[in-house]
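# Attaching a predicted model along with its sequence, questions to come.
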Amino acid sequence: MSDFPRISVLDMHTGGEPVRIIRSGFPLPKGGSILDKRRQVQAEQDHLRRLLMFEPRGHYDMYGALLVEPSLPGADLAVLFLHNEGYSTMCGHAVIALGRYAVDYGLVPVTEPLTQVNIECPCGLVTAWVEVQNGQSGRVSFDSVPAFLFQLQLQVEVPGYGMICCDVSYGGAFYALAEARQFGLDLQTARVRDIVDAATALSNRVKAICPPQHPEHPDLGFLYGSILTDSQAPDPERASRNVCVFADAEVDRSPTGSGVTARMAAWYQQGKVGLNQSARFQSITGACFDAEVRGETRCGDRTAVTVRVSGRAYYSGEATFWLEEGDDIGRGFLLR
C-alpha cells in the first residue's frame with residue numbers, strides 16, 4: 001500500500017449525471033472562507049481529485065462533492081465540487097443529490113413534508129428543500145444564489161461555424177447560451193461529439209472575447225461552459241431541451257441546475273418570464289428539471305433573480321478507493 005489514504009465514497013446520480021460524495025479519507029482544508037478552502041484543496045490535494053475523478057476509478061465526465069466545514073452562519077454543510085478540470089463554483093445536480101444525502105444520513109433534523117437543508121457552495125449559501133414522506137426522501141428543490149444576465153446577444157466569430165449569437169448568463173457559474181441550430185445541429189438527433197465540439201468552440205471564443213466578471217467575487221468570474229439549446233420558448237408544460245458542456249469538454253447528463261438558473265435569469269431580463277413563472281428543461285438523457293423565478297434581487301450593481309430548481313437524485317452505490325505502491329497509472333488518467 002502507498003501513502004495514499006483509503007477514501008470512502010457514496011455515489012449518486014441526478015438525471016444520469018454522477019455525484020461522487022466523498023465521505024472519509026480525504027484531508028480536509030482548515031479555516032477561512034469556502035473560497036479559501038477551494039484554493040487550499042486545489043493547491044494541496046489536487047492529486048486526490050485526479051485519483052477519484054479520473055480513470056480507472058472514474059471517467060472523463062465524472063463529478064464529485066467534498067463536504068467541508070461550513071464558514072457561513074446557518075449552513076448545515078459546505079461543499080466543494082470536483083470535476084475533470086478542477087473545482088466549480090456551483091452545481092445544481094449535486095445540490096439536489098446532497099439534499100437527499102443530508103436527510104438520509106442524519107446531517108439535518110428531518111421534518112415532513114419538507115426538510116430544509118442549507119448548503120454552503122463556493123458561490124454562496126443555497127437553500128435546498130427535500131420532500132419527505134413516511135421517512136422517505138424524494139424530490140428536491142433549491143433556491144439559487146442571485147442570478148443575472150451578464151451579456152445579451154453577444155456576437156462571436158467561431159472558427160468552423162461562422163458568426164454565432166449567444167447570451168452570457170450567471171446562475172452560480174457563468175455560461176454562454178446559444179441555440180444549437182446556429183451550428184447546424186438538432187439536439188434531438190445530433191451526435192454528442194458534434195455537440196461537444198460546437199459548445200467547446202463557443203466557450204473558447206467567449207473566453208477570449210468577453211471573459212465574464214462577477215460584481216462581488218473575482219474568484220467566480222470565469223466562463224464555466226456553454227449550453228446549446230433548442231428554440232423552445234418558456235413553457236411549464238413543454239420542456240426546452242439543452243445540453244451543457246462544461247470544464248474540459250465535460251458533458252452534463254442532467255439539465256444542469258446552475259445552467260437552468262442562468263437560462264431563467266436570461267429569460268427574465270429579456271421579458272420572456274416574469275416573477276412566479278416557471279419553465280421545464282430536458283437534458284440529453286431525457287431527465288427534466290423544473291424552474292421558477294421566485295424573486296428579484298441584486299448582485300452588486302446588477303439586477304438579479306432568485307430561481308427555484310427542482311429535480312430528483314438516486315443512489316447508485318458506495319466504494320472505498322486506494323492506491324497500491326508502484327501503481328503510477330492508478331494515480332489517474334483520462335482517455336477520450
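Structure received.
# so residue 49 sits in a helix?
Yes: Residue 49 forms part of a helix when assessed by DSSP: H, G, I helix; E, B strand; the rest coil.
# what sits against it?
41, 64, 82, 86, 87 (Cβ atoms under 8 Å, 6 or more residues apart in numbering). Every C-beta, even on glycine, is put in place using the N, C-alpha and C of the backbone.
# Check the gap between residue 126 and residue 212 for me.
From residue 126 across to residue 212, the span is 20 Å (Cβ to Cβ, to the nearest Å).
# These two: which is more packed in?
Per other Cβ atoms under 10 Å, whichever of residue 126 and residue 212 has more neighbours is residue 126, with 26 against 20.
# ChimeraX command for the buried members of the contacts of residue 49?
For anyone working in ChimeraX, the buried entries among these, judged by 16 or more other Cβ atoms under 10 Å, can be selected with:
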select :41,64,82,87
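# pLDDT on the longest helix seen in the chain, on average?
For the chain, the helix that runs over the most residues, judged by DSSP state H, is helix 192-209. In this model, helix 192-209 carries a mean pLDDT of 97.
# Mind giving me the packing neighbours of it?
For helix 192-209, the packing partners by 3 or more Cβ pairs under 8 Å, 6 or more residues apart in numbering; DSSP states H and E come out as strand 148-158, strand 162-170, strand 174-179, strand 223-229, strand 240-246, strand 250-251.
# Now do the nearest residue in space to residue 302 that is not next to it in sequence: how many residues are near it, please.
Taking Cβ to Cβ, 6 or more residues apart in numbering, and ignoring the residues beside it in sequence, residue 302 has residue 148 as its nearest neighbour in space, at 4.6 Å. Neighbour count of residue 148, defined by other Cβ under 10 Å: 22.
# if you skip the residues just before and after it, what's nearest to residue 301?
Nearest non-adjacent residue to residue 301, counting by Cβ to Cβ, 6+ apart: residue 215, 5.8 Å away.
# The one you found belongs to a helix?
No: when the secondary structure is assigned by three-state DSSP, residue 215 falls in coil instead of a helix.
# Residue 302 is in contact with that one, correct?
Yes: at 5.8 Å, residue 215 and residue 302 qualify as touching, with contact defined as Cβ atoms under 8 Å.
# do you know how far the residue nearest the centre of the chain is from residue 82?
Nearest to the geometric centre of the chain sits residue 91, at 2.5 Å (Cα atoms, centre = their mean). In this view, residue 91 and residue 82 are 10 Å apart by Cβ to Cβ.
# joint contacts of those two?
With contacts taken as Cβ under 8 Å, 6+ apart, the residues that reach both residue 91 and residue 82 are 63, 65.
# on that earlier part again, quickly name whichever of the contacts of residue 49 is closest to residue 14.
Top of the list for closeness to residue 14, among these and by Cβ to Cβ, is residue 64 at 13.3 Å.
# so who does the closest one touch?
With contacts defined as Cβ under 8 Å, 6+ apart, the neighbours of residue 64 are 9, 19, 20, 21, 22, 49, 52, 53, 58, 81, 82, 83.
# and it, what are its bridge partners?
For residue 64, the residues forming beta bridges with it (DSSP bridges) are residue 20, residue 82.
# Distance-wise, check it relative to residue 100.
Residue 64 sits 16 Å away from residue 100, going by Cβ to Cβ.
# repeat for residue 243
Residue 243 sits 25 Å away from residue 100 when distances are taken as Cβ to Cβ.
# Make sure residue 99 is indeed in a helix.
Yes: the assignment for residue 99 by three-state DSSP puts it in a helix.
# Neighbours of it, how many?
Residue 99: 29 surrounding residues under other Cβ under 10 Å.
# what sits against residue 317?
With contacts defined as Cβ under 8 Å, 6+ apart, residue 317 is in contact with 10, 11.
# For it, what is the enclosing helix or strand?
When secondary structure is defined by DSSP states H and E, residue 317 falls within strand 313-321.
# Could you tell me which residues within that strand count as buried?
Neighbour-count burial for strand 313-321, counted by 16+ other Cβ under 10 Å, picks out 313, 321.
# Tell me the confidence at the residue nearest to residue 302?
What the model reports for residue 148 is a pLDDT of 97.
# tell me which element the closest residue to residue 298 other than its chain neighbours is part of?
What sits nearest to residue 298 in space, not counting adjacent residues and going by Cβ to Cβ, 6+ apart, is residue 304, at 5.9 Å. Here residue 304 is covered by strand 302-311, with elements defined by DSSP H and E.
# picking up where we left off before, contacting residues around the residue nearest to residue 301?
Counting by Cβ under 8 Å, 6+ apart, residue 215 makes contact with 299, 300, 301, 302.
# What separation do you get for the nearest residue to the first one once chain neighbours are set aside and residue 279?
Excluding its sequence neighbours, the residue lying closest to residue 299 (Cβ to Cβ, 6+ apart) is residue 146, at 3.9 Å. For residue 146, the distance to residue 279 under the criterion Cβ to Cβ works out to 19 Å.
# The residue nearest to the centre of the chain and residue 259 touch, don't they?
No: Residue 91 sits out of contact with residue 259 when judged by Cβ under 8 Å, with a separation of 10.1 Å.
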